[in-house]
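Visitor: Quick one: sequence and predicted model below, then my questions.
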Amino acid sequence: MIIEEMMVTEVATLLPDSTVAEAIELMTEKRIRHLPIVDVTNKVVGILTDRDVKEFSPSPFQADHKDDLFQTKLLDVMTTPVITGHPLDFVEEVAVLFMEEHIGCLPIVSEDKLVGMITETDLLHTLIQLTGAKQPGSQIEVKVPNRAGMLFEVAGIIRKNHSNIHSVLVYPFKKDERFKILVFRVQTMNPMSVIEDLREEGHDVLWPNLPTSPL
């Protein structure tokens, strides 16, 4: 999936000359925690988060300077430079970017203009959809040799049982790099026949960890 398919396109923004007070009002009204700061051409020049606002907001001991602080320009408190993404970036790549850069939002830019926005919440929701975790069904984990054709082989056994596959994940088997784990989300509440067929073909089913049928 590419970012264009899941990004929010109606993005609240402010200009660098806007004030902290305006930012607080807009973030409260829209119930958002991240606010891109753009110039008159809609180019992203900074980012403001709720943490920035909290750190900058006056304490009870600064009552005399409260109005001055709230009238501070965003130019003086926004974070720059801004890490941005492109609509054609893959969701998986952006997830890595979020993790490595420790960011909570990503403005999406095309031709140097803001066209969308995603947050860590948007990303998590999308990844849940991609794994099919909210779809009714069962999860089956199979340990297979780390060689070509294994995914096709296991999927073929599931297909013979007329079970629809919602999603597939593949990750390495930590104890032995010669193997990998295939995780299937299948549209059936009773995966017993699938598990039995997988075992009959010599596959190691890790989950569900059900006993083998008696002879």
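Guide: Cool, got the structure. Residues are numbered from 1 along each chain as shown.
Visitor: Could you list the domains of this protein?
Guide: Residue ranges for the domains of the chain, per automatic domain parsing: 3-128, 134-207.
Visitor: can I get those in CSV with mean neighbour count and mean pLDDT?
Guide: Every C-beta, even on glycine, is put in place using the N, C-alpha and C of the backbone. Formatted as CSV, the domains of the chain follow (neighbours: other C-beta atoms under 10 Å; pLDDT from 0 to 100):
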stretch, mean neighbour count, mean pLDDT
domain 3-128, 15, 90
domain 134-207, 15, 93
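Visitor: Off-centre distance for stretch 19-33?
Guide: Relative to the chain's own centre, stretch 19-33 is displaced by 24 Å; criterion: C-alpha atoms, centre = their mean, to the nearest Å.
Visitor: Residue nearest the middle of this structure, spatially speaking?
Guide: Centroid-nearest residue in the chain, with C-alpha atoms, centre = their mean: L123, separated by 2.2 Å.
Visitor: Wait, a strand at it?
Guide: No: L123 is assigned helix when assessed by DSSP: H, G, I helix; E, B strand; the rest coil, not a strand.
Visitor: That one is in contact with V96, isn't it?
Guide: No: using C-beta atoms under 8 Å, L123 is not in contact with V96, being 10.8 Å away.
Visitor: Mind jotting down where the helices sit in this protein?
Guide: Secondary structure of the chain (DSSP state H): helices located at 20-30, 50-56, 66-70, 91-101, 120-131, 150-160, 192-200.
Visitor: Nearest to M78, out of those helices?
Guide: Go through the helices of the chain one by one with C-beta to C-beta and the one that ends up closest to M78 is helix 50-56, at 7.4 Å.
Visitor: quick one: contacts of the closest one?
Guide: With contact meaning C-beta atoms under 8 Å, 6 or more residues apart in numbering, helix 50-56 is reached by V20, A23, I24, M27, R33, H34, L69, T72, V77, M78, T79.
Visitor: Out of those residues, flag the one nearest to M150.
Guide: Nearest to M150 among the contacts of helix 50-56, with distances taken as C-beta to C-beta, is H34, at 41.6 Å.
Visitor: Hmm, that closest one is touching V44, no?
Guide: No: here H34 lies out of contact with V44, judged by C-beta under 8 Å, at a distance of 11.7 Å.
Visitor: Quick check: neighbours shared by these two?
Guide: If you check H34 and V44 against C-beta under 8 Å, 6+ apart, no residue is contacted by both.
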